[in-house]
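A.B. asks: 3D, please:
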Amino acid sequence: MTCTVGIDLGLTELRVAVLLADRAELAVTMPATIGLVAGVPHTGAALARCRPDQQVDRLLERLAVPDGDHVTGLAWPVLDGQPVSPVELVAWLLRAALVEVEATHGAVEGAVLAVPLELGALERRVLRDAALATGVPAVRLLAAPAAAALATLGDHPSRLAVLQVDDDRVRATIVENADQMIDLLAHAIERFTDDPAAAVGPAVTARWRPPRCRPRGCRTRW
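C.D. replies: A predicted model of the protein is given here:
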């Protein structure tokens, strides 16, 4: 038995859904944090055994931090006194989640990663390489708003506001499903301190202006 999964690495949580014949089923949710003790990766409940200097959280923000001291130009977080590459950190986290999936759904033959729009090419490369390092033979990246629109809208022409709420920011994206294509119309990020609901309105309206026209040749495709 094999399966295909959808992976969403957020700021604080990693979520993995199994793609079944007629639906997607959430299979794993765990903190987006990795620990390292004596060379052994720790995730989930095992993080309780790690000291603060033995773990790194919010992995999504550490994919491509500039650092001129390394050949790659990326900062390597130090865990338990050992520098570790961002690719390896994310791969450890993904592998832990996929082990749980495979225990109930069989081997993972493909993965689709939902990627925030603001990530650059280097961050996307780190995510892809990390997923491939887990042994998954086929990996594809898909913009997170497009993934949400495909799951929600189906084949019906419509327009949708996709909201992604993390612990300190709201991402708002206006997408349209028309002519068998998902179009990006607007995207904004609004930070908040206490109440995420207060940031939803500004995030949605910050950059959204009804377009005067949308020529067929000027669409953003994912």
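A.B. asks: going forward, measure contacts and count neighbours with C-alpha atoms only.
C.D. replies: Fine.
A.B. asks: show me where the protein has strands.
C.D. replies: With DSSP state E as the criterion, the chain has strands at 2-9, 13-19, 24-31, 34-37, 40-42, 55-56, 78-79, 82-83, 107-115, 139-143, 158-165, 169-178, 181-191.
A.B. asks: contacts for the fourth one, please.
C.D. replies: This means strand 34-37. 41-43, 47, 50, 54-57, 79-80, 89, 92-93 (CA atoms under 8 Å, 6 or more residues apart in numbering).
A.B. asks: and the furthest pair within those?
C.D. replies: When CA to CA is used, the two most widely separated members of those are Asp80 and Leu93, lying 16.8 Å apart.
A.B. asks: tell me which of those two has more neighbours.
C.D. replies: Leu93 (26 against 18; other CA atoms under 10 Å).
A.B. asks: thought that one was touching Gly44?
C.D. replies: No: in this structure Leu93 lies outside contact range of Gly44 using CA atoms under 8 Å: 9.1 Å.
A.B. asks: shared neighbours of these two, anything?
C.D. replies: Common neighbours of Leu93 and Gly44 (CA under 8 Å, 6+ apart) are Thr33.
A.B. asks: alpha carbons only: can I get stretch 27-34 in PDB?
C.D. replies: Below are the C-alpha coordinates for stretch 27-34, written out as PDB (Å, rounded to 0.1, in the frame of the first residue of the first chain):
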ATOM      1  CA  ALA A  27      -2.700  12.500   9.500                       C
ATOM      2  CA  VAL A  28       0.000  14.300  11.500                       C
ATOM      3  CA  THR A  29       0.400  17.500  13.400                       C
ATOM      4  CA  MET A  30       3.500  18.300  15.300                       C
ATOM      5  CA  PRO A  31       5.500  21.400  16.400                       C
ATOM      6  CA  ALA A  32       7.800  22.900  13.700                       C
ATOM      7  CA  THR A  33      10.700  22.400  16.100                       C
ATOM      8  CA  ILE A  34      13.600  20.100  16.000                       C
END
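A.B. asks: ok, now which ones touch His105?
C.D. replies: 1-3.
A.B. asks: ugh, wrong one, I meant Ala161
C.D. replies: Taking CA under 8 Å, 6+ apart, one finds 172-175, 204 in contact with Ala161.
A.B. asks: out of the residues you listed, who's the most crowded?
C.D. replies: Ranked by neighbours (other CA under 10 Å), these are led by Ala172, which has 27 neighbours.
A.B. asks: distance check, the nearest residue to that residue once chain neighbours are set aside against Ala146.
C.D. replies: In this structure, Ala172 finds its nearest non-sequential neighbour in Leu163, 4.7 Å apart by CA to CA, 6 or more residues apart in numbering. Noted for Leu163: a distance of 12 Å to Ala146, by CA to CA, to the nearest Å.
A.B. asks: which one's more surrounded, the two?
C.D. replies: Each of Leu163 and Ala146 has its neighbours counted (other CA under 10 Å); Ala146 has more, 25 against 17.
A.B. asks: what's the nearest residue to that one if we skip its chain neighbours?
C.D. replies: Ile182 (6.5 Å).
A.B. asks: most neighbours out of the contacts of His105, which is it?
C.D. replies: Taking other CA under 10 Å as the neighbour criterion, Cys3 ranks highest of the contacts of His105 with 16 neighbours.
A.B. asks: before we move on, back to that, now render the strands of the chain as CSV, adding distance to Asp129 and mean pLDDT.
C.D. replies: Putting those into CSV (distance: least, CA to CA, whole Å; pLDDT from 0 to 100) gives the following:
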stretch, distance to Asp129, mean pLDDT
strand 2-9, 14, 93
strand 13-19, 17, 94
strand 24-31, 20, 94
strand 34-37, 17, 96
strand 40-42, 18, 96
strand 55-56, 19, 95
strand 78-79, 20, 92
strand 82-83, 18, 91
strand 107-115, 11, 94
strand 139-143, 9, 92
strand 158-165, 24, 79
strand 169-178, 25, 80
strand 181-191, 26, 78
